[in-house]
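# predicted model follows, preceded by the sequence.
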Amino acid sequence: SWRDAGIAAVTGSTERHGRSSRARRPLAGGLTADTSRNIIRYMNHDASVHDVVIVGGGPGGLAAALALGRARKRVLLCDAGPRRNAAATRLHNFVTRDGATPDDFRRVGREQLGAYPSVEVRDARVESIAGARGGFRVALSNADALIARRVLLCTGMVDEVPPLEGARALWGRSIFQCPY
């Protein structure tokens, strides 16, 4: 049971894994951070329902997954891969990430999500969504289907290159569609 998972954390797992005493400090309800993490891990293995499925792994999807992970929601972030800013070599106007490459931005964002055991990232396209609030069936490109209480669309947008001679070659280098 989840209580057994919590008890395992309290009886020494912090010592074996070299975590600081901070992980053993009581949180709300007397739980420790390790106990809370173990309960979430247990629920993640047994639960068949995600709190939120996020469609899109760009800046919006990563930020949403981070916020929901901090709130201990069970989250699946689905990223099909293509970026809006594929032609850009750097991105700007993101605090602490100004000048980063788009690939580095995504890599760091995904690494930061790793701190939240309730967040899972998959390189998969969402093929279909059906249902209603509280119970959506989400079908993925790898033939997996899952249930989500909520679906958050963070798919961004698609830019159309203007039909001007030479515009495609300059897109993202001398012609910019957004300031970021």
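Structure's in. What do you need?
# find the residue closest to the residue most central in space within the chain in space, skipping its chain neighbours.
When CA atoms, centre = their mean is applied to the chain, the residue found nearest the centroid is residue 65 (3.7 Å). Excluding the flanking residues, the one nearest residue 65 by CB to CB, 6 or more residues apart in numbering is residue 77, at 4.5 Å. Placement of C-beta: from N, CA and C, glycine included.
# again with residue 116
residue 69 (3.1 Å).
# run a quick neighbour tally on the one you found.
23 (other CB atoms under 10 Å).
# tell me the SS of it?
Three-state call for residue 69 (DSSP: H, G, I helix; E, B strand; the rest coil): helix.
# right, and it touches residue 75 too?
Yes - counting by CB atoms under 8 Å, residue 69 touches residue 75, with 5.9 Å between them.
# for this protein, what spans make up the helices?
Along the chain, counting by DSSP state H, helices occupy 2-8, 14-16, 33-46, 59-70, 102-113, 167-170.
# so what does the fifth one touch, helix or strand wise?
Identification of packing neighbours for helix 102-113 by 3 or more CB pairs under 8 Å, 6 or more residues apart in numbering; DSSP states H and E yields helix 59-70, strand 119-122.
# so which of those comes closest to residue 128?
Shortest separation from residue 128 across the helices and strands packed on helix 102-113 is recorded for strand 119-122, at 15.6 Å, computed as CB to CB.
# does anything pack onto that closest one? Which helices or strands?
For strand 119-122, the packing partners by 3+ CB pairs under 8 Å, 6+ apart are helix 59-70, strand 75-78, helix 102-113.
# out of these, which comes closest to residue 130?
Of the helices and strands packed on strand 119-122, nearest to residue 130 by CB to CB is strand 75-78, at 15.4 Å.
# and the contacts of that closest one?
With CB atoms under 8 Å, 6 or more residues apart in numbering as the test, strand 75-78 has contacts from 50-57, 61-62, 65, 68-69, 113, 118-122, 124-126, 140, 146, 148.
# let's go with 7 Å and repeat that
Identification of contacts with strand 75-78 by CB atoms under 7 Å, 6 or more residues apart in numbering yields 50-55, 57, 61, 65, 68-69, 118-122, 124, 126, 140.
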